[in-house]
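Novice: Provided below for reference: sequence and predicted model.
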Amino acid sequence: MTDERRLKVFLVDDHAMFRAGVRSELGVHVDVVGEASSVTEAINRIAVTEPDVVLLDVHMPDGGGRAVLESMRRTHPHVKFLALSVSDAAEDVIGLIRAGARGYVTKTISPDELAAAIRRVADGDAVFSPRLAGFVLDAFAARPDVPVADPELDQLTNREREVLRLLARGYAYKEIAKELFISIKTVETHVSNVLRKLQMSNRYELSRWAADRRLV
Amino acid sequence: MTIRGDTRRTEITATAAPTPTRRLYRPRNPRIIAGVASGLARHLGIPVIAVRIALVVLLGFNGLGLMLYAAFWAVVPQEAPSGEPPARRDLAALVPFAAIGIGVVLLQSLVGGNGVAAGTVGWLIAIVALGAGVIWHQSDPTRRGLGDTTPQAPWLAAVVAESDRRSFIFRFIGGGVLVATGIIGVVAVYAPRGSLSAVFNGVIFALVGLLGVGVVVAPLLWRTFSQLRAEREGRIREQERAEVAAMIHDQVLHTLALIQRNSADIKEVQRLARGQERSLRNWLYKPAASPTERFAAALEEAAAEVEDTYAISVETVIVGDTDCDEGVAALVAAAREAMVNAARHAGVQTVSLYAEVEADELSVFVRDRGAGFDVDKIEESRHGVRGSIVGRMRRHGGKAKIRSAVGDGTEVRLTLPASREGITAGKEAAR
């Protein structure tokens, strides 16, 4: 959460109007070092501009955000990705998170919140929209009929569940910390742990969501 | 194949044939072997098929057809290249004529008693070869749909259209002949005595019969099948397109028109855009569930109503789903009341709605970051809170807790113990 250095942010979205809007909104908070409107353009230019955080659209004509993530993750592990989309479909959200995005927000997010989310992602933490928190609660729902292969990865702790519930209820990290009498750092740790589980767990719901993303 | 060739020919003569005198040529196109038959047909102005059949039948007379063909091949000059790329020779087109030819030769030898293939088997093979040749020629795939491709020669289309019906009759007769052959063969062979060779012959005849049926039916079935499939796919695509178009027309265009008309009224524009967004989202991503039957759908409908009425946005997150009953309906109604209060008094643009279906209880949270109020003072006087939220929940065995402070937003927490049936905790209907 330090502000001594302005973060370098890269925008990937196939709508020029949206890119322009985000650029002007974010200009006061961060340096927008580049834009791309397609997957190949994004892959080439991110390698050149070396941003801290990439704002990544889910749906693009030539493969979408997931294609960018998959090709960048190995070559540029220090670049953090924050998914930004109009879509609320579970398979899109989970698919991108599992491909390596550090967070997910919807395009209706306010500029200040977006800037805060970028900073959080750059610091190595995770960002969950309320709806993503809802998805995760859903995917990790305690169901007696589902065998748990790896309790460390396939189950949420009670505390993590509580944090997610508050996120889904629209609480900010600060409010969650206050509500649960823990520090903001602890909230961030819980959310990061949930993100890790979301990325690594082999729970059926997750793999299915990640697999069948054949929407428009 | 042959008819398509003729079409090209008519095009050429219509546009680029200045010489009035007709000379006998062997055209490069269409041709099966050397173009003798089509050259003759063109010169004499008769269908090429007639020439071909005549040649094949003449084969039977000591190979007269073959000799004639060879003579014409040697004597008649080949047509000069017309510029268009020569069509590839379709040797498969030779098969039916070869079959017919074999049949004719066999018949000839049987009638003449040369003893090449005497006896029943010879006759049967001759008949089968004839039938199969006729059928395969008739079911040539290029003979279909020619009406569309021959605008310059309508007569051709008529012939083709007719040949469709004709080919069916041909096929029918051919098939009948083949099947009958097989059956007669089986009966004839079985009748005398049950020796091993008789059984063997019987099997062969049965196979011939089956083969006949297959030969007759297979191309027809295959063609019908692929046509049906193409048609159905086309219809489905068309239907989907029509559905999308109707939706866009009824909703999106309508909303855009309203937005343009109300462009001065920001609140109205926001309300319209939000409503349209919601309906598009539902249309794209969500299976339709009845709000009167399912908890999640009912809650979403309530949130949508509040959004529409008060021009705010309700961020809805619902985990799990369950069937509706009286208690659940009361919970939804109380949640709606809480959202309405938030929309009217909080003075904010966004209200968060979170609902979770757990094994033991249903909970709903309505939260805003707005003005807030002093709970102790206001609860006594406001009917909305006391009657519609707290009292309603209590009547149905649930609880309502309101937490608020001036300047610090409001949260209404509603819980309902789930002692009913039909709860599906977790995924299923959640989105």
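Specialist: The structure has been received and is ready for your questions.
Novice: C-alpha only now, for contacts and for neighbours.
Specialist: Noted.
Novice: where along the chain do the strands fall?
Specialist: No chain was given, so I picked chain A. With DSSP state E as the criterion, chain A has strands at A:8-12, A:31-36, A:53-57, A:80-85, A:103-106, A:127-128.
Novice: sorry, I should have been clearer: chain B.
Specialist: Along chain B, counting by DSSP E, strands occupy B:313-319, B:321-322, B:350-357, B:361-368, B:399-404, B:410-417, B:423-424.
Novice: looking at the strands of chain A, which is closest to chain B?
Specialist: strand A:103-106 (11.2 Å; Cα to the nearest Cα).
Novice: using PDB, list the CA coordinates for the closest one.
Specialist: Only the C-alpha atoms of strand A:103-106 are listed here, as PDB (Å, rounded to 0.1, in the frame of the first residue of the first chain):
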ATOM      1  CA  GLY A 103      -7.900 -10.700  -9.000                       C
ATOM      2  CA  TYR A 104     -11.100  -9.900 -10.800                       C
ATOM      3  CA  VAL A 105     -13.200  -6.800 -10.800                       C
ATOM      4  CA  THR A 106     -16.100  -5.800 -13.000                       C
END
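Novice: contacting residues around that strand?
Specialist: A:81-88, A:93, A:97, A:114, A:121, A:126-129, A:132 (Cα atoms under 8 Å, 6 or more residues apart in numbering or on different chains).
Novice: who does that strand pair up with?
Specialist: strand A:80-85 (parallel), strand A:127-128 (parallel) (DSSP bridges).
Novice: quick one on the thing from earlier: I'd like the strands of chain B as a markdown table, with mean pLDDT and distance to chain A appended.
Specialist: Shown next, in a markdown table, are the strands of chain B (pLDDT from 0 to 100; distance: least, Cα to the nearest Cα, whole Å):
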| stretch | mean pLDDT | distance to chain A |
| --- | --- | --- |
| strand B:313-319 | 87 | 6 |
| strand B:321-322 | 82 | 10 |
| strand B:350-357 | 89 | 5 |
| strand B:361-368 | 89 | 7 |
| strand B:399-404 | 85 | 12 |
| strand B:410-417 | 89 | 10 |
| strand B:423-424 | 46 | 10 |
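Novice: burial of the nearest residue to residue A:6 once chain neighbours are set aside, as a residue count?
Specialist: Of all residues not flanking residue A:6 in the chain, residue A:30 sits nearest, at 5.4 Å (Cα to Cα, 6 or more residues apart in numbering or on different chains). Counted with other Cα atoms under 10 Å in any protein chain shown, the neighbours of residue A:30 add up to 18.
Novice: looks like residue A:30 contacts residue A:9 (just checking).
Specialist: Yes - here residue A:30 reaches residue A:9: they are 6.8 Å apart, a contact under Cα atoms under 8 Å.
Novice: what residues does chain A put near chain B?
Specialist: Proximity of chain A to chain B, by Cα under 8 Å from any Cα of the partner chain, involves residues A:89-90, A:130-131, A:134-135, A:137-143, A:168-170.
Novice: residues in the stretch 101-250 of chain B within reach of chain A, list them.
Specialist: Counting by Cα under 8 Å from any Cα, no residue of the stretch 101-250 of chain B sits close to chain A.
Novice: ok so, going back, what's the farthest-apart pair in the residues of chain A next to chain B?
Specialist: Largest separation among these by Cα to Cα: A:143 and A:170, giving 25.3 Å.
Novice: of these two, who's got more company?
Specialist: residue A:170 (28 against 14).
Novice: low pLDDT regions in chain A?
Specialist: Counting by pLDDT under 70, chain A contains low-confidence ranges at A:1-4, A:87-88, A:142-151, A:204-216.
Novice: remind me, longest helix of it?
Specialist: Looking across chain A with DSSP state H, the single longest helix is helix A:184-200.
Novice: quick one: it to chain centroid distance?
Specialist: In this view, helix A:184-200 has its centroid 12 Å away from the chain centroid, taken as Cα atoms, centre = their mean, to the nearest Å.
Novice: quick one: residues in contact with that helix.
Specialist: Outside helix A:184-200, the residues within contact range by Cα under 8 Å, 6+ apart are A:94, A:97-100, A:102, A:125-128, A:136, A:153-154, A:156, A:159-160, A:163-164, A:173-174, A:176-177, A:206.
Novice: I'd like to know which of the residues you listed are buried.
Specialist: Neighbour-count burial (16 or more other Cα atoms under 10 Å in any protein chain shown) applied to the contacts of helix A:184-200 gives A:94, A:97-100, A:102, A:125-128, A:136, A:153-154, A:156, A:160, A:163-164, A:173, A:176-177, A:206.
Novice: mind pulling up the pLDDT for residue B:419?
Specialist: Residue B:419 carries a pLDDT value of 68.
Novice: circling back: most neighbours among the residues of chain A next to chain B, please name it.
Specialist: Among these, the one with the most neighbours (other Cα under 10 Å) is residue A:168, at 31 neighbours.
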